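Asks: with the input below, show me the fold.
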Amino acid sequence: MSLAYKITHFKASFPQGFYIERSAAKFDFKLDRYVDFDLNIGWAMKNVNSNLRSAKGNVRRYTKTCQGFVYCGTESCEFYNKQCRPAVSNQALKKQLEKGCELCNRPLLHNNTCTASAEYIFDEDVCTLTHFGTHVHNDFQSKDDGFKETKEDEKRKRMVYITKRLSVQQQKKLDDYLVKHPHITPKAAVVGNNPVTGQVVVLVTGIDPVLGKRDRTEYELKKARIRTGKVAGDLFEEFDRIQHNYPGYIYSASVALDAFIITFRAPEMSSFVDMKLFPVITDVTFKAVKNSGKHKRYLCSSTLYFSSIRRYALVFQAIIGGLSEMYFRQYFLAFFTAYKVDFISEDNFLGMIIDFSAAQRKVFLSAYKMYTYGREDGLKYLKGCYMHWMKSVQLVSSNGNLVRQEDRDDFLRLVYSIRTTENGSVFNSTLDRW
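Replies: From the prediction side, this is the model:
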């Protein structure tokens, strides 16, 4: 199916009564039929006849009748007697009725008493739409639909009587929207926020209420990107734009799949950071970066306490392509280099607090050795995270093969003593006891 605008299309949206509109048409002599047309006018219209030939030249006739509406007949259901959009074909309508109400799962009922109809006559380069009759139901595009706001709103959105497809005018509006916001995501378009710029944007539901569903918006945006030639944004152009708008924030970048890491920090932060008084805390956030496909991305962050403002603040971050040693080694090396950490004196850097990940501990020492040209005393700068330490302690103490149940309390007391004592002899004697 072509994603370009259809030659034959109509501005009519849920017309009522007698209505006439004309549009351009194209006849394909090789195929012996009219092509590139969209007969959508909003209502759920069932085909009565299609491509009906006339004795006059290449005149063809299409006739459609309204399918009415479906509704739930269960009085206890919140959807009781609410008119919902029916499927167009008889087979699809049968499945819809059998599937039932999305709120109560009871069978749906079909009201097909609507006698409104539409006729489309193709004659050479013109198609004439003639709409007859008044629909006995509403289009339900108004926001005031009589529903109370509940957690079932998403189900209601899937059932309310709204247009099944975007009209050509709506497609053009969506294309203009995409040109204005080329990097918009379906979620951002629905909630009204551009994740790249952080700016509030106009909701796509203003184009058509059906775009209030994220999956439908994603589908329509894909088609719009093809129509406008914006199938994928220019990665390098976007990267350049970020660096131009935020100079100095991106410190280093490697975009190879097996070595992906982008590090960044506030350029003025170097003037305020003092790592002598407080340790740097580094941790990984697993869901901060939206992932798609098999390649995962994670956000690694380092924070430091600032006594002047009495709170922690970010001093360094990176988007990394994995949790293996290679990525953390790159991270720590970039951190040391960015802040020109001086390890000549032990007083210049209090330490780094990380979790109890073997990969992080090992690569911190490896990065330290590389940065200091061979020094192997990096362990004194490595601090453990209390939360991860206790998690490890609980894991070990609950393993009956390592710690007997009757010895568990003694084990926990010894662990506490090891963690809290500042006396070396006490530390060693505690270890000997176990």
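Asks: how many neighbouring residues does Phe27 have?
Replies: Phe27: 17 surrounding residues under other C-beta atoms under 10 Å. For the C-beta atoms, the positions are set from N, CA and C on the backbone; glycine is no exception.
Asks: can you list the weak-confidence ranges in the protein?
Replies: Across the chain, the ranges flagged by pLDDT under 70 are 1-4, 138-165, 194-199, 230-238, 291-293, 356-358, 384-389, 434.
Asks: and the helices in it?
Replies: Along the chain, the stretches classed as helices by DSSP state H are 90-99, 153-157, 168-180, 186-191, 214-228, 235-245, 325-338, 358-371, 386-397, 408-420, 424-433.
Asks: can I get the ones you listed in a markdown table with distance to Thr282 and mean neighbour count?
Replies: As requested, the helices of the chain are exported to a markdown table (distance: least, C-beta to C-beta, whole Å; neighbours: other C-beta atoms under 10 Å):
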| stretch | distance to Thr282 | mean neighbour count |
| --- | --- | --- |
| helix 90-99 | 51 | 12 |
| helix 153-157 | 39 | 14 |
| helix 168-180 | 39 | 17 |
| helix 186-191 | 29 | 19 |
| helix 214-228 | 34 | 17 |
| helix 235-245 | 24 | 11 |
| helix 325-338 | 8 | 21 |
| helix 358-371 | 8 | 18 |
| helix 386-397 | 12 | 14 |
| helix 408-420 | 20 | 14 |
| helix 424-433 | 26 | 11 |
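Asks: make CSV out of those helices and add distance to Thr128.
Replies: What follows is those, written out as CSV (distance: least, C-beta to C-beta, whole Å):
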stretch, distance to Thr128
helix 90-99, 27
helix 153-157, 35
helix 168-180, 17
helix 186-191, 36
helix 214-228, 27
helix 235-245, 46
helix 325-338, 64
helix 358-371, 71
helix 386-397, 73
helix 408-420, 85
helix 424-433, 93
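Asks: which among those helices is found nearest to Asp123?
Replies: helix 168-180 (20.4 Å; C-beta to C-beta).
Asks: what packs against the closest one?
Replies: In terms of contacts (3 or more C-beta pairs under 8 Å, 6 or more residues apart in numbering; DSSP states H and E), helix 168-180 is packed against helix 214-228.
Asks: so how far is the helix it packs on from its chain's centroid?
Replies: Chain-centre distance of helix 214-228: 14 Å, with C-alpha atoms, centre = their mean, to the nearest Å.
Asks: ignoring the adjacent residues along the chain, who's closest to the residue nearest in space to the middle of the chain?
Replies: Central residue of the chain (C-alpha atoms, centre = their mean): Lys187, 5.3 Å from the mean position. Spatial nearest neighbour of Lys187, excluding adjacent residues (C-beta to C-beta, 6 or more residues apart in numbering): Arg214 at 5.8 Å.
Asks: need the contact list for the one you found.
Replies: Arg214 makes contact with Pro186, Lys187, Val190, according to C-beta atoms under 8 Å, 6 or more residues apart in numbering.
Asks: what does Tyr381 give?
Replies: Tyr381 sits in contact with Phe343, Phe349, Leu350, Gly351, Met352, Tyr368, where contact means C-beta under 8 Å, 6+ apart.
Asks: from Pro279, how far off is it?
Replies: Distance of Tyr381 to Pro279, given as C-beta to C-beta, to the nearest Å: 9 Å.
Asks: give me the common contacts of the two.
Replies: Common contacts of Tyr381 and Pro279, defined by C-beta under 8 Å, 6+ apart, comprise Leu350, Gly351, Met352.
Asks: looking at the helices of the chain, which is nearest to Thr74?
Replies: Distance to Thr74, taken as C-beta to C-beta, is lowest for helix 90-99 among these, at 13.5 Å.
Asks: verify the stated contact: Lys95 with Ala87.
Replies: Yes. Judged on C-beta atoms under 8 Å, Lys95 makes contact with Ala87 at a distance of 7.2 Å.
Asks: neighbours of the nearest residue to Val396 once chain neighbours are set aside, just the number please.
Replies: Nearest residue to Val396, sequence neighbours excluded (C-beta to C-beta, 6+ apart): Leu402, at 5.7 Å. Neighbours of Leu402 under the rule other C-beta under 10 Å: 11.
Asks: pairing partners for His131 in the sheet, please.
Replies: Beta-bridge pairing for His131 (DSSP bridges): Tyr19, Ala118.
Asks: any idea how far Lys82 is from Leu109?
Replies: In this view, Leu109 and Lys82 are 11 Å apart by C-beta to C-beta.
Asks: again, but for Gly192
Replies: 27 Å.
Asks: between the two, point out the one with more neighbours.
Replies: With neighbours defined as other C-beta under 10 Å, Gly192 and Lys82 compare such that Lys82 has more, 21 against 14.
Asks: what sits closest to that one if chain neighbours are left out?
Replies: Tyr71 (6.0 Å).
Asks: for that neighbour, which residues are in contact?
Replies: Tyr71 is in contact with Phe79, Tyr80, Asn81, Lys82, Gln83, Cys84, Leu108, Leu109, Asn111, counting by C-beta under 8 Å, 6+ apart.
Asks: the second one: neighbour count?
Replies: What it means is Tyr80. Look at Tyr80: counted by other C-beta under 10 Å, it has 15 neighbours.
Asks: the closest residue to it other than its chain neighbours: what's it in contact with?
Replies: Nearest in space to Tyr80, with sequence neighbours left out and distances taken as C-beta to C-beta, 6+ apart, is Cys72 at 5.6 Å. Contacts for Cys72 (C-beta under 8 Å, 6+ apart) come out as Phe79, Tyr80, Asn81, Lys82, Cys101, Leu103, Cys104, Arg106, Leu108, Leu109.
Asks: nearest to Val273 among these?
Replies: Leu103 (55.9 Å).
Asks: hmm, the closest one is touching Glu78, no?
Replies: Yes. Contact between Leu103 and Glu78 holds when scored by C-beta under 8 Å: they sit 5.8 Å apart.
Asks: mind giving me the PyMOL command for buried ones among the contacts of Cys72?
Replies: In PyMOL, this line selects whichever of the contacts of Cys72 come out buried by 16 or more other C-beta atoms under 10 Å:
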select buried, resi 79+82+101+103+108
